[in-house]
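Undergrad: got a predicted model here, sequence first, then my questions.
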Amino acid sequence: MAKKEIITSDDILGKEAIDPDGSVLGVVTKVHIDNHDRKVVGITIDMGFTKPDLYVGINNIRNFGEDAILLKTVPAPKFKGINVLTPEGKKIGKVVDIVMKNSHVEEFVVSKYRFIGKKIGIKYSDIKEIGDSIILKEGYKTKDKVKKE
Amino acid sequence: MFETKIDIVSSRTKKIENTGRYSSYMGKKVYSKTGELVGSVYDIVIKNDCMAGVLYKGNSRVFMGKEFFKSDTADAIMLKIEPVTGLIGKQVFDSTGKRVGKVVELKRKSTANSYEELRVKKAFYLSSVFIPKKLIAVAKKNIILREPWQKKK
């Protein structure tokens, strides 16, 4: 079947959005259109009950497929809530926040519990592997995060 | 805290305080190279009086050879690899975002951590398609192909 040149919002809404790792991020709920230029500028992905919606710009979309929307990059908010493990496999907590600098991840804020407990910062350079969990390098360093008054 | 005293009857071993025990493996979590929890240990396989590997249960029951252990601590076993057995049940999309189906079987030449092709099915009433490894671009959480998929007639 030839690729459709023109698609409608029905071909986008309700479809699964898939990142380059093959993870299903969620379902597309909105298509954003620039009212002035009359062009599609992005989509909103519903990432589930516990995560906020994610806006993805048109430049980060690879294609609008028949069954799924493929993205070009892995969005950083995807890592919120994933486990952080030491090189030995011991869980030290979950990612509760991500510190970005110039649209790159600089630091992950990790806590054992979502709303209470001590928060620690882990530099991106101390990470060995990011997948289903974050695995830290040998000799990783953590930094206590203090709440701003 | 309150350890039961163990009497030792052995001509070779005098102390057992700093020795490992197979029972400590039971229920231990097994993580893949990327930190995916692939299962938990339910048995240990012993060959010639040495531990050959563990049996773990995740989506399926798998024997994992000890040679693939990266670290083995009190908390978990970290693997050096992404076990190919974890591909079963994953969704396959082609490069245009078209769903090809779900992996139902791996065609393997040996028991090594590799495969030749995937048998993929879209629905139970449809016939399977075989996708060779060279067509696969990404095989992580789901599988994405290098090119648009067209079923051969």
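TA: Okay, I see it. Residues are numbered from 1 along each chain as shown, chains lettered A, B, ... in the order given.
Undergrad: hmm, stretch B:41-58 touching chain A?
TA: No: Stretch B:41-58 does not reach chain A (Cβ under 8 Å from any Cβ of the partner chain); its nearest approach is 12.0 Å. In this view, the C-beta of every residue, glycine as well, is placed from N, C-alpha and C.
Undergrad: could I get the buried residue list for that stretch?
TA: Judged by neighbour count using 16 or more other Cβ atoms under 10 Å in any protein chain shown, the buried positions of stretch B:41-58 are B:41, B:53-54, B:56, B:58.
Undergrad: dump the helix or strand bottoming out on mean pLDDT in chain A to PDB, restricted to CA.
TA: The helix or strand of chain A with the poorest confidence is strand A:142-145; it has a mean of 75 (mean pLDDT, DSSP states H and E). Below are the C-alpha coordinates for strand A:142-145, written out as PDB (Å, rounded to 0.1, in the frame of the first residue of the first chain):
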ATOM      1  CA  THR A 142      25.900  11.600  45.100                       C
ATOM      2  CA  LYS A 143      25.000  15.100  46.200                       C
ATOM      3  CA  ASP A 144      22.400  15.900  48.900                       C
ATOM      4  CA  LYS A 145      19.600  18.100  47.500                       C
END
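Undergrad: how far does that strand sit from its chain's centre?
TA: 22 Å (Cα atoms, centre = their mean, to the nearest Å).
Undergrad: direction included, what does it pair up with?
TA: Next to strand A:142-145 in the sheet, as set by DSSP bridges, lie strand A:119-123 (antiparallel).
Undergrad: show me what from chain A comes close to chain B.
TA: A:3, A:15, A:18, A:20-24, A:62-70, A:83, A:85, A:87-91, A:129-135.
Undergrad: return the subset of those residues lying in strands.
TA: Assigned to strands by DSSP state E, the following of the residues of chain A next to chain B qualify: A:18, A:24, A:62-64, A:68-70, A:83, A:85, A:91, A:129-130, A:134-135.
Undergrad: below-threshold pLDDT in chain B: ranges please.
TA: B:1-3, B:152-153 (pLDDT under 70).
Undergrad: and the residue nearest the centre of it?
TA: residue B:83 (3.8 Å; Cα atoms, centre = their mean).
Undergrad: distance check, that one against residue A:20.
TA: With the distance defined as Cβ to Cβ, to the nearest Å, residue B:83 ends up 21 Å from residue A:20.
Undergrad: could you list the low-pLDDT ranges of chain A?
TA: A:1-4, A:114-115, A:145-149.
Undergrad: contacting residues for the residue of it found nearest chain B?
TA: Distances between chain A and chain B by Cβ to the nearest Cβ are smallest at residue A:65, namely 1.6 Å. The contact partners of residue A:65, taken as Cβ atoms under 8 Å, 6 or more residues apart in numbering or on different chains, are A:15, B:93-94, B:96-98.
Undergrad: and stretch B:135-151, how far out from the chain middle?
TA: 21 Å.
Undergrad: now the end-to-end length of that stretch.
TA: Stretch B:135-151 stretches 13 Å from its first residue to its last (Cα to Cα, to the nearest Å).
Undergrad: kindly report the same for stretch B:82-101.
TA: 21 Å.
Undergrad: can you tell if that stretch touches chain A?
TA: Yes: judged by Cβ under 8 Å from any Cβ, stretch B:82-101 comes into contact with chain A at B:90-91, B:93-99.
Undergrad: do the same with stretch B:133-145
TA: Yes: when contact is scored as Cβ under 8 Å from any Cβ, part of stretch B:133-145 falls within range of chain A: B:138-144.
Undergrad: show only the entries of those residues found in strands.
TA: B:138-139, B:143-144.
Undergrad: which among those residues gets closest to residue B:37?
TA: residue B:139 (17.8 Å; Cβ to Cβ).
Undergrad: which residues are in contact with that closest one?
TA: Taking Cβ under 8 Å, 6+ apart, one finds A:22, B:87, B:90 in contact with residue B:139.
Undergrad: ok, now with 7 Å
TA: The neighbours of residue B:139, taking Cβ atoms under 7 Å, 6 or more residues apart in numbering or on different chains as the test, are residue B:87.
Undergrad: picking up where we left off before, ok, which pair from the residues of stretch B:82-101 next to chain A is furthest apart?
TA: B:90 and B:96 (18.3 Å).
Undergrad: need the buried ones from the ones in strands among the residues of chain A next to chain B selected in PyMOL.
TA: Restricted to buried positions by 16+ other Cβ under 10 Å, the PyMOL selection for those reads:
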select buried, chain A and resi 18+24+62+64+68+69+70+83+85+129+130+134+135
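Undergrad: what's the farthest-apart pair in the ones in strands among the residues of chain A next to chain B?
TA: A:64 and A:91 (37.9 Å).
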